[in-house]
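>>> fold the following and give me the result.
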Amino acid sequence: MKNLLKKFSGVNKKTEEYEEELEDEELEDEYEEEEEAEEEEEEEEVSEEEEEWMPDEYEEGQLSIDVYQTDKDIVVQSTIAGVKPEDIDISINNDMLTIRGKRSMEKEIEEDNYLYRECYWGSFSRSIILPVEVQAEKIDAELENGVLTVKLPKSKVSKQISIKVKEK
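Got it, this is the predicted structure:
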């Protein structure tokens, strides 16, 4: 009889342990599900905040440029095919040149009809710090065959002077 009671008491202990394990696992599962739901809500909130902070109309592409100098000018060139001269704004503030514009798509094409979509359509801008002072009133900008060329005449023609160091 004692052996029989021992067996039953062992079964009860194992059953209780098993039930406790199941309860722990169920609690863990519930906790994980709650965490996942909270994370999804946070992601949705972040997305909404991002949309409010930076709406689509403010997204800008960055303009690719080449900048070089001659004896008299700083020259900035950029390929901006598909942009009309009236859609380009060039400004200078102290030593910073800014080029802004907008490339508009002529016709609407449904998203499903695209096989490749690599061209950028919309607003773009680029600002650069000029390495030398320029004569702002004499800046010239031309658009030819989709290439914008901005010539900025240097204020002073700088000469490189070597200074000899004397030993005392």
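>>> quick one: mean pLDDT over stretch 90-109.
Computed over stretch 90-109, the mean pLDDT rounds to 89.
>>> identify each buried residue in it, please.
Residues 97, 99-103 are the ones in stretch 90-109 that count as buried (16 or more other C-beta atoms under 10 Å). Any C-beta I mention is one placed from the backbone N, CA and C, and that applies to glycine too.
>>> same question for stretch 149-168.
Neighbour-count burial for stretch 149-168 flags 150-154 (criterion: 16+ other C-beta under 10 Å).
>>> now the terminal residues of it, how far apart.
End-to-end distance of stretch 149-168 (C-alpha to C-alpha, to the nearest Å): 52 Å.
>>> so of the buried residues of stretch 149-168, which ones are in strands?
Cross-referencing these against strands under DSSP state E gives 150-153.
>>> tell me the helix or strand right after the helix or strand Glu39 falls within.
If you go by DSSP states H and E, Glu39 is part of helix 2-53. Under the assignment DSSP H and E, the closest C-terminal helix or strand after helix 2-53 is strand 61-62.
>>> give the pairing partners of whichever strand or helix holds Ala141; include direction for each.
Assigned by DSSP H and E, Ala141 belongs to strand 140-144. Taking DSSP bridges as the criterion, strand 140-144 forms sheet pairs with strand 147-153 (antiparallel).
>>> residues in contact with the strand it pairs with: which ones?
Residues external to strand 147-153 that are found in contact with it (C-beta atoms under 8 Å, 6 or more residues apart in numbering): 72-80, 88, 90, 92, 97, 99, 130, 134-135, 138-143.
>>> let's see 7 Å
72-80, 88, 90, 130, 134-135, 138-142 (C-beta atoms under 7 Å, 6 or more residues apart in numbering).
>>> so how far is Thr79 from Ile90?
Remark: distance between Ile90 and Thr79 (C-beta to C-beta, to the nearest Å) = 16 Å.
>>> again but with Glu32, I slipped
In this view, Glu32 and Thr79 are 52 Å apart by C-beta to C-beta.
>>> how about Lys164?
46 Å.
>>> and if you look at Ile161?
Going from Ile161 to Thr79 by C-beta to C-beta gives 38 Å.
>>> then Arg103?
11 Å.
>>> for this protein, where's the lowest mean pLDDT among helices and strands?
When the helices and strands of the chain are scored by mean pLDDT, DSSP states H and E, helix 2-53 comes last with a mean of 61.
>>> count of neighbours near Asp73?
Neighbours of Asp73 under the rule other C-beta atoms under 10 Å: 18.
>>> what does Val75 give?
14.
>>> so it, which of the three states?
Three-state call for Val75 (DSSP: H, G, I helix; E, B strand; the rest coil): strand.
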